[in-house]
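1. Sequence below, structure please.
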Amino acid sequence: MDIGCIEVVVSRKPNTLFKFLRVLLIMLAVCFLFLGLVGIMAAFIPGIGCLVGYYFVNMNVGIDYEYSYVQKELRIAKIMNKERRKEVATYDLEKMEILAPVRSWHLDSYKNRQIAKDVDYSSGEEKQPDPCYYLYLEGNTRVKLELEGEEATQLLDAVKQMAPRKVFTD
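-> Residues are numbered from 1 along each chain as shown. Sure, this is the predicted structure:
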């Protein structure tokens, strides 16, 4: 059965440090550029530097993650500030060991395992009930995903159809 492509978009909680840095850098840029216009030409360089810093900080304030399930692969993209899309990772689900909720008893045997690569693609918020899932892959890789909503249910069903003994939704 051909499932096609299933996409789930998760918005990351904005980082308060980046919000503060964004405001601070724009204020510093205005001050330095004003000093440059008044007559202190050396103030233009830090003003331009603050504007460049503001651009990069602003790109990382609003981050969304997009999970795409295509042909037994989970592709994860990072959408920065609703403008730029960057492919982050591709995981082959044939190498999946288990996919279960974070607080599932099925993950008890994985708790003391040495994790080589631990990646978090969730929103970073604590919700009740917790919609986060851990995906363990061969090679000691653990991926944290937030699967909530109708599209997420479709994604879970598609993965469960591919590997029914490795996916738990309790």
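2. Can you report phi and psi for the residue nearest the centre of the chain?
-> The residue lying closest to the centre of the chain (Cα atoms, centre = their mean) is Y121, at 3.5 Å. Phi and psi for Y121, reported as degrees, to the nearest 10, are phi -110, psi 30.
3. For stretch 152-165, list every residue counted as buried.
-> The neighbour-count check on stretch 152-165 (16 or more other Cβ atoms under 10 Å) flags A152, Q154, L155, L156, A158, V159, M162 as buried. C-beta here means a position set from N, CA and C on the backbone, and glycine is covered the same way.
4. Leaving out sequence neighbours, find the closest residue to the third one.
-> Counting by Cβ to Cβ, 6 or more residues apart in numbering, I6 is the residue found nearest to L155 once chain neighbours are left out, at 4.8 Å.
5. That neighbour - that's part of a helix, no?
-> No. If the criterion is DSSP: H, G, I helix; E, B strand; the rest coil, then I6 is strand and not within a helix.
6. does it really touch Q154, like I thought?
-> Yes. Taking Cβ atoms under 8 Å as the definition, I6 is a contact partner of Q154 at 5.2 Å.
7. Next one: the residue nearest to E7 when sequence neighbours are not counted, what pLDDT does it get?
-> With Cβ to Cβ, 6+ apart as the criterion, E7 has its nearest non-adjacent residue at 5.0 Å, and that residue is S68. pLDDT recorded at S68 is 93.
8. In contact with S68, which residues?
-> Going by Cβ atoms under 8 Å, 6 or more residues apart in numbering, S68 touches C5, I6, E7, L74, R75, I76, A77.
9. The fifth one bridge partners, please.
-> With beta bridges defined as DSSP bridges, R75 has these partners: S68, T90.
10. From what I see, it and E87 are in contact.
-> Yes. If you go by Cβ under 8 Å, R75 and E87 touch, sitting 7.0 Å apart.
11. higher neighbour count, these two?
-> Between R75 and E87, R75 has the larger neighbour count (other Cβ atoms under 10 Å), namely 17 against 11.
12. on that earlier part again, next one: the residue nearest to the centre of the chain relative to V52, how far apart?
-> 28 Å (Cβ to Cβ, to the nearest Å).
13. and what of V10?
-> Counting by Cβ to Cβ - V10 and V52 are separated by 29 Å.
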